[in-house]
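Asks: Task: produce atomic coordinates for the following.
(one chain, ligands or ions: 1)
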Amino acid sequence: MVWELGCGHGHFLTAYAQSHPEELCVGVDIVGERIERANLKRNRAQLNNLHFIQADARLFLETLPTGTTLSRIFILFPDPWPKLRHHKHRIMQPGFLSCLASRVGEGARLYFRTDFGPYFEDTHRVLSPHPHWELSDEPWPFEFETVFQSRAPNYRSLIARPRRLP
Ligand SMILES: C[S@@+](CC[C@H](N)C(=O)[O-])C[C@H]1O[C@@H](n2cnc3c(N)ncnc32)[C@H](O)[C@@H]1O
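Replies: Residues are numbered from 1 along each chain as shown. Here you go, the predicted model:
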């Protein structure tokens, strides 16, 4: 399953699902109104391989049925929580990344993109030594501008794959 968390109004994943009809795509966002708008897009495009669900990303991951594995995970312009005392709310934390790693299939990839420099640096710091992930310099697999991407003067991306055992 391809998973986008914090999918907003679903622009990216609708375009992705349209051009990857053989892949099952699921987008989650915690805000119901965003999921409603995403579902309108999905219905208009008549995509059977795409589903949008209102959910907290962490809870969704924890309750994913056994046997469901993630092939591609997209985290695009997640809330940056710029204040130091709010950093604990950021999604890119070592524990979340471990949980994510326990649900990925062979050849999986994690795609992260942000326009907030300090969040990029922190995520790089968390991912580089992570026991279950390693950074990869491969190209971004699919481009389609998200709402936040269209407003960002610039942004940076990271790609990670499950760490190979020595
Ligand atoms: C900054 S917006 C980016 C939206 C979209 N990815 C884009 O690039 O336009 C972050 C999104 O993450 C969602 N979000 C925040 N915390 C979440 C959580 N715990 N679980 C799921 N979605 C969450 C927000 O509702 C919001 O739609």
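Asks: For the longest helix belonging to the chain, name the packing helices and strands.
Replies: Secondary structure of the chain per DSSP state H: the longest helix is helix 32-45. With contacts taken as 3 or more CB pairs under 8 Å, 6 or more residues apart in numbering; DSSP states H and E, helix 32-45 sits against helix 11-19, strand 25-29, strand 50-54. Where you see a C-beta, it was placed from the backbone N, CA and C, and this is true even at glycine.
Asks: Now do the helices in this structure.
Replies: Secondary structure of the chain (DSSP H): helices at 11-19, 32-45, 57-62, 94-101, 117-127, 147-151.
Asks: Out of those helices, which is the most enclosed?
Replies: Among the helices of the chain, helix 11-19 has the highest mean neighbour count (mean count of other CB atoms under 10 Å), at a mean of 21.
Asks: Identify the neighbouring strands of the longest strand seen in the chain in the sheet and state each direction.
Replies: Counting residues, the longest strand found in the chain (DSSP state E) is strand 104-114. Here strand 104-114 has these sheet partners by DSSP bridges: strand 70-76 (parallel), strand 156-162 (antiparallel).
Asks: Could you dump the ones you listed into a markdown table and include mean pLDDT?
Replies: What follows is the strands paired with strand 104-114, written out as a markdown table (pLDDT from 0 to 100):
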| stretch | mean pLDDT |
| --- | --- |
| strand 70-76 | 98 |
| strand 156-162 | 98 |
